[in-house]
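A.B. asks: Quick one: sequence and predicted model below, then my questions.
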Amino acid sequence: MNFDIENTDIAWCPGCGNFGILNVLKRALTELEINPQKLVLVSGIGQAAKTPHYLRTNFFNGLHGRALPPATMIKAVNPDLKVIITSGDGDMYGEGGNHFIHAIRRNPDVTAIVHNNMVYGLTKGQASPTSQVGFVTPIQVDGVFEEPFNPLAVAISLNASFVARTSIHNLDLSLNIFKQAIQHKGFALVDTFTPCISFNKINTRKWYEENTYVIDDGHDPTNRNSAFSKACESYPWPLGIIYKSPTKPSFEENLYIYQKNNKPAINREVQWDKLKALIESKSV
Amino acid sequence: MSQLPLSNDISIVLGGEAGQGIQTIEQLLTKILKLNNFYVFATKEYMSRVRGGSNTTSIRVGSHPLQAPIERVDLLIPLDKEVLPRLQHRITSQTIVAGDMEALETNLKIFDIPLKKLSKELGSEIYSNTIALGLILSLLKTDGQIMEKYLGKYFGAKGEKLVELNIKAAHLGFKHGRELLENGTVRFPELSISDIQNDIMINGSEAIAMGAIAGGCRCIASYPMSPGTGVITFMAKVEHDFELIVEQAEDEIAAINMAIGAWYAGARAMVTTSGGGFALMAEGLSLAGMLEMPVVIHLAQRPGPGTGLPTRTEQGDLELALYAGHGEFPRIILAPGSLKDAFYITQKAFNLADKFQVPVIILTDQYFVDTYYNIPSFDLSQIKVESCIIEMDENYLRYQLTDNGISPRGIPGKGKGLVGVDSDEHDEAGHITENLELRVKMVDKRLKKLSLIKESAIAAKIYGPSDSRGFIISWGSTNRIVREAVKHLGKKDLTHIALQQVYPLPENLRHLLSSAKHTIVVENNATSQLGNLILRETGFQIDHKILKYNGLPFTVEELMHTISEKIS
């Protein structure tokens, strides 16, 4: 499978962590033998949300913060499609925060790869929901004082079905996690640390290397309580599959329409006889 | 205000607190009257609360089609003491008021029916409503057998005992009614029956929902908001039979983005909401404009601004529907005037959205969605789902520049091509572009579709000669009320133009206005939004405006009065 696209003018700064994410994602899709015609990449707005333009596949690049609702329904009306969301920390956790919560509750069989660089890039350097306390920006002139958003803890509190974190400086780990997330049935969150070389001089590649560690085999990702305490760790931040809720049915599986028949909704026709009967039942 | 004389239809009003069971009587009464082969019309006004307050249902029963509310009350059944003072302005010496004297605390002359006492004799107070039902049905000289049979069916699931007691209660009321008839206290005109056995009785929400199903709607995502909720509730009730995806979204923003996602992947989808929820969808509407994605939006209006009057009616969101969403893009705004048209127009909305790849907004309001009357069953043979989805080849371009502005629409996985859509300005493949020449081409392409849309606009209904001196113009839910008022006025030189598509305006409206001498617009809002739109689109200034914005629909008599004033 070839996901490369020719003659593309990529809008990212040279050295941006997003290139790493793009390459790892392409490799994961290729190794998993995903058919580009059966894949839809969904995104909102931001530098990360431009990712779908740099792969050869179907894409829905919608509104800021609104990637999850269309992604949910694309998968629901045609479960034969593979749906992957590529989004940034502002798009997913800020503008789209409400959808983030409720998409986890719904548990559609989609994968959300969130490029988390702890800063707003496209709007030029303001704080993001994940910016660390003390981070000074053109708007947060005295430094951020709000509690940073903890996507993993929020997701685990909602019993999300797959919660992972990677950092793009670790390519092998990222590839492994992306592949597992894409194969997972249900909502899979991959919070992906990535440096913004233009607007975040604090959380650099070196900083991520020094402030993260890969969790060992001793961690049981099916144990929600230990997963929650793992998710709450910082300085250093744990990387790996933090939580997996193994038996949770997906949104599509819960829909009545697929319980007896897995024919995608898009291929179903109006049942004229039933409609006629329904209308006629209104004669009394 | 003078009232229409009592002739061949009878007007009944039921009033009481929320939770007192008025809705149950309304349902039973309208159905039993219809089973007696009478034309029936029912509309309700209610307060925004779960219990208490004071709500009324107005029912007209007659021997000819009834599709509009009137002022006159022939029979009033107040179930609590708030009803009489609230309806004072509609009660005349001709109005028969029947109820429980003890509970009503009134000096008015009323026919005392000790509902509570009689009900208690049956073992519980809960039968009061059924006694009142029996009373009304006997005063209208309906068939006791039909009543009994329907009560058996209605209460059947609750057990034999309850069926028996309710039938007993209804007969008690029936007996009291007969006494009032026999001693000459009540003399209603004899209603002749009509051949309406196969007619259906539905309300506006049901007409819209069934029209959507007939339009191939496979998915509805919405956030509950009065008065838009009835449509998603009805679709949820039948979702198993019709294989629908019905999703309560976390907010209206999610709802419209879900619907747009569904269309992208190849399923027809809609949202239902009211003004406040629609305001939240404005960004999504604009997204549909940029993606050239079809989407159908049912906007059931209620009075604003802000939370306004949540359970009341208004036609105050035409301009919201017209201007919502940033940027410039075409849209279609429909406003069905009757329940029959609501079905066919909603069905058509899905085909229009698909064909032109634009958002289609269906404007109704609280009055319209909550109003019931009988109409002939729908003819499904004349409608079909006209899907415009194509099979893609490998060179497929979602935004291919074409002569008429419409690019063939593919969906992911159908054929060899790929479908890319982007809310940024994009090239033909859907990729972000900042090529400003291409920008102009893309804007022109999107806007070009409007001229095609205009050509297929739903024509206004014209009642009267096209060379009249006077024209009265209405839109949406107000159409049937104006229609009856104009009919009663019987003026030769007055033609009624009833719009069912408000944007873009149909050609026949433009044509008629070009020779119009004297014009009146009737709207359920304060600023004449249709009048403003007509001025903007045609340069034609309407002479007179009849506007109402107290949260209630017009009545026939009220319009007869104000129209007469304007034309004299």
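C.D. replies: Here it is on my side, so go on.
A.B. asks: OK, now which residue of the stretch 101-250 of chain A is nearest to chain B?
C.D. replies: A:H102 (3.9 Å; CB to the nearest CB). In this view, the C-beta of every residue, glycine as well, is placed from N, C-alpha and C.
A.B. asks: Can you pull the phi/psi pair for the residue lying closest to that residue once chain neighbours are set aside?
C.D. replies: Closest residue to A:H102 apart from its sequence neighbours, by CB to CB, 6 or more residues apart in numbering or on different chains: B:E250 at 3.9 Å. Main-chain dihedrals, B:E250, degrees, to the nearest 10: phi -70, psi -20.
A.B. asks: Next: B:T43.
C.D. replies: Reported as degrees, to the nearest 10, the phi and psi values for B:T43 are phi -140, psi 150.
A.B. asks: What is the burial count for it?
C.D. replies: Residue neighbour count, defined by other CB atoms under 10 Å in any protein chain shown, stands at 23 for B:T43.
A.B. asks: Just to check, it is in contact with B:Q366?
C.D. replies: No: using CB atoms under 8 Å, B:T43 is not in contact with B:Q366, being 9.9 Å away.
A.B. asks: Show the contacting residues for B:E565.
C.D. replies: Under the criterion of CB atoms under 8 Å, 6 or more residues apart in numbering or on different chains, B:E565 has no contact partners.
A.B. asks: Okay, now the unreliable bits of chain B?
C.D. replies: Applying pLDDT under 70 to chain B picks out residues B:1.
A.B. asks: Residue of it closest to chain A, please.
C.D. replies: Here the residue of chain B nearest chain A is B:G261; by CB to the nearest CB that distance is 2.8 Å.
A.B. asks: How about that residue, nearest residue that isn't a chain neighbour?
C.D. replies: Counting by CB to CB, 6+ apart, B:G261 lies nearest to A:P70, which is 2.8 Å off, once chain neighbours are set aside.
A.B. asks: Wait, that neighbour touches B:A267, no?
C.D. replies: No: look at A:P70 against B:A267 with CB under 8 Å: they stay out of range, at 11.9 Å.
A.B. asks: what about the two, which has more around it?
C.D. replies: Neighbour comparison, A:P70 and B:A267: the larger count goes to A:P70, with 35 against 26 (by other CB under 10 Å).
A.B. asks: give me the element that one is part of.
C.D. replies: Per DSSP states H and E, A:P70 falls inside helix A:68-77.
A.B. asks: tell me, how many neighbours does the closest residue in space to B:Y150 that isn't next to it in sequence end up with?
C.D. replies: Distances taken as CB to CB, 6+ apart put B:I32 closest to B:Y150, at 5.1 Å, once the chain neighbours are dropped. Neighbour count for B:I32, taken as other CB under 10 Å: 26.
A.B. asks: What distance do you get for B:I32 to B:Y127?
C.D. replies: For B:I32, the distance to B:Y127 equals 16 Å [CB to CB, to the nearest Å].
A.B. asks: what sits against A:D89?
C.D. replies: Contacts for A:D89 were tallied using CB under 8 Å, 6+ apart; they are A:V114, A:H115, A:N116, A:N117, A:M118, A:S128, A:P129, A:T130, A:F149.
A.B. asks: and if we set it to 6 Å?
C.D. replies: A:N116, A:S128, A:T130 (CB atoms under 6 Å, 6 or more residues apart in numbering or on different chains).
A.B. asks: same question, B:Y373
C.D. replies: Shown in contact with B:Y373 (CB under 6 Å, 6+ apart): B:F41, B:Q67.
A.B. asks: Am I right that it sits in a strand?
C.D. replies: Yes: B:Y373: assigned to a strand according to DSSP: H, G, I helix; E, B strand; the rest coil.
A.B. asks: Would you map out the domains in chain B?
C.D. replies: B:9-182, B:201-382, B:389-456, B:461-567 (automatic domain parsing).
A.B. asks: Between the two ends of the first one, how far is it?
C.D. replies: Between the opening and closing residues of domain B:9-182 lies a distance of 21 Å (CA to CA, to the nearest Å).
A.B. asks: before we move on, what about the longest one?
C.D. replies: Here the two ends of domain B:201-382 are set 21 Å apart, with distance taken as CA to CA.
A.B. asks: how far does it sit from the chain's center?
C.D. replies: With CA atoms, centre = their mean, to the nearest Å as the basis, domain B:201-382 stands 11 Å off its chain's centre.
A.B. asks: Mind putting the contacts of A:D89 into JSON lines with pLDDT and secondary structure?
C.D. replies: Below are the contacts of A:D89 laid out as JSON lines (pLDDT from 0 to 100; DSSP: H, G, I helix; E, B strand; the rest coil):
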{"residue": "A:N116", "pLDDT": "98", "secondary structure": "strand"}
{"residue": "A:S128", "pLDDT": "97", "secondary structure": "coil"}
{"residue": "A:T130", "pLDDT": "98", "secondary structure": "coil"}
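A.B. asks: Report the buried members of those.
C.D. replies: Among those, those classed as buried by 16 or more other CB atoms under 10 Å in any protein chain shown are A:N116, A:S128, A:T130.
A.B. asks: what's the spacing between the residue nearest to A:H102 and B:T273?
C.D. replies: 14 Å.
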